[in-house]
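> Fold the following for me, if possible:
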Amino acid sequence: MSEENSCMFLSIIIPIYNEEENLKELLPLLIQNSPKSDREILVVDAASTDQSKEVCHQMGVNYILASEASRATQMNKGAAEAKGSVLYFVHADSRPKDSFFEDISLAISNGKKAGCYRYKFDSDSWMLKINGWFTRFNGLFAGGGDQTLFIQKSFFEELEGFDEEYCIMEDFDLVKRIKAVSDFHIIPKSIMVSARKYDENSWLRVQIANLVAFAYFLMNYPPAKIKSAYFQLLKHR
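Residues are numbered from 1 along each chain as shown. So this is what the prediction gives:
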């Protein structure tokens with residue numbers, strides 16, 4: 001997309017903690033595939049101890065230090081400082097499509113207020129291929145953070161952003177509130193996401209942890225209870 005044809009200013013927000021190596025791959029992808037005049041990149045750090053800050057400075061993107069290590073808090077911090085009319089939340093271990101800027105611009109021009117992508121894992125595991133296949137459906141499990149999330153900033157502010165009580169499931173909570181008042185759009189393309197959580201645990205263990213967390217979320221358990229149950233089941237970096 002040429003810069004003169006673009007009418008959207010996109011704020012790309014990346015919450016991180018010790019993601020130096022992922023940033024070295026992700027930031028060039030984002031920079032090379034979006035017009036500089038029509039986007040900004042905000043990396044919101046929870047006091048990393050690696051070279052994440054230096055990588056951000058080398059790449060010329062905005063580096064913001066958050067008050068605590070919580071994705072919800074970090075993403076709200078980025079949104080508060082964002083200049084764009086559209087926000088795009090991206091996990092550091094996700095790899096958006098080269099066409100992400102055009103895809104989101106088209107969705108917004110077609111009246112979509114919020115949405116995400118399908119995804120597939122960077123793994124040959126047939127079980128993970130099945131997991132990825134199900135992300136095409138706009139059902140109960142749609143909208144997890146690995147799918148990346150775009151949303152009009154004004155709409156995000158109407159919804160009062162991410163609920164910072166949630167240490168996990170903050171993405172599903174926001175999407176639940178989006179769906180209560182608007183359509184939620186899934187772009188029919190698959191981004192690439194990391195299978196590292198499965199590598200550090202097992203497919204079955206991660207599935208059980210996800211199902212427990214989601215069941216607790218649907219039953220309106222306190223966010224602290226959901227977090228505790230989830231991390232008791234998983235190894236986590």
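
> What residues of the biggest helix by length in the chain count as buried?
Scanning the chain for the longest helix, with DSSP state H as the assignment, gives helix 203-218. Within helix 203-218, the residues that count as buried by 16 or more other Cβ atoms under 10 Å are 203, 206, 209-210, 213-214, 216-217. Where you see a C-beta, it was placed from the backbone N, CA and C, and this is true even at glycine.

> ditto for stretch 177-195
The neighbour-count criterion (16+ other Cβ under 10 Å) identifies 178, 182, 184-187, 190-195 as the buried residues of stretch 177-195.

> Touching stretch 225-237 from outside, list them.
Stretch 225-237 is contacted by residues 18, 166-169, 196-197, 200-201, 205-206, 208-209, 212-213, 216-217 when judged by Cβ atoms under 8 Å, 6 or more residues apart in numbering.

> could I get that stretch in CSV with only the CA atoms?
Written as CSV, here are the backbone C-alpha positions of stretch 225-237 (Å, rounded to 0.1, in the frame of the first residue of the first chain):
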residue,chain,number,x,y,z
LYS,A,225,-7.9,-17.8,41.1
ILE,A,226,-7.7,-18.2,37.3
LYS,A,227,-4.0,-17.2,37.3
SER,A,228,-3.2,-19.5,40.2
ALA,A,229,-4.9,-22.6,38.6
TYR,A,230,-3.2,-21.9,35.2
PHE,A,231,0.3,-21.6,36.4
GLN,A,232,0.1,-24.5,38.8
LEU,A,233,-0.4,-26.6,35.7
LEU,A,234,2.3,-25.1,33.4
LYS,A,235,5.9,-24.4,33.4
HIS,A,236,6.3,-20.7,32.4
ARG,A,237,9.3,-18.6,31.4
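
> so how far is that stretch from its chain's centroid?
Relative to its chain's centre, stretch 225-237 lies at 19 Å (Cα atoms, centre = their mean, to the nearest Å).

> Over to stretch 131-141?
16 Å.

> Now do residue 7 against residue 86, distance only.
11 Å (Cβ to Cβ, to the nearest Å).

> Which one's more surrounded, these two?
Each of residue 7 and residue 86 has its neighbours counted (other Cβ atoms under 10 Å); residue 86 has more, 24 against 10.

> what about residue 182, distance to residue 118?
Counting by Cβ to Cβ, the gap from residue 182 to residue 118 is 20 Å.

> mind listing the strands for this structure?
10-16, 39-45, 62-65, 86-89, 94-95, 114-121, 149-152, 185-193 (DSSP state E).

> Neighbouring strands of the fifth one in the sheet, and parallel or not?
The one in question is strand 94-95. strand 185-193 (antiparallel) (DSSP bridges).

> Using PDB, list the CA coordinates for the strand it pairs with.
Presented in PDB, the C-alpha positions along strand 185-193 are these (Å, rounded to 0.1, in the frame of the first residue of the first chain):
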ATOM      1  CA  HIS A 185     -14.000  -9.800  12.600                       C
ATOM      2  CA  ILE A 186     -11.600 -12.600  11.900                       C
ATOM      3  CA  ILE A 187      -9.300 -11.800   8.900                       C
ATOM      4  CA  PRO A 188      -9.200 -14.900   6.800                       C
ATOM      5  CA  LYS A 189      -5.400 -15.200   6.800                       C
ATOM      6  CA  SER A 190      -3.100 -17.100   9.200                       C
ATOM      7  CA  ILE A 191      -0.300 -15.500  11.100                       C
ATOM      8  CA  MET A 192       2.500 -17.500  12.600                       C
ATOM      9  CA  VAL A 193       2.800 -18.000  16.400                       C
END
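
> Show the average pLDDT along it.
Strand 185-193 comes out with an average pLDDT of 96.
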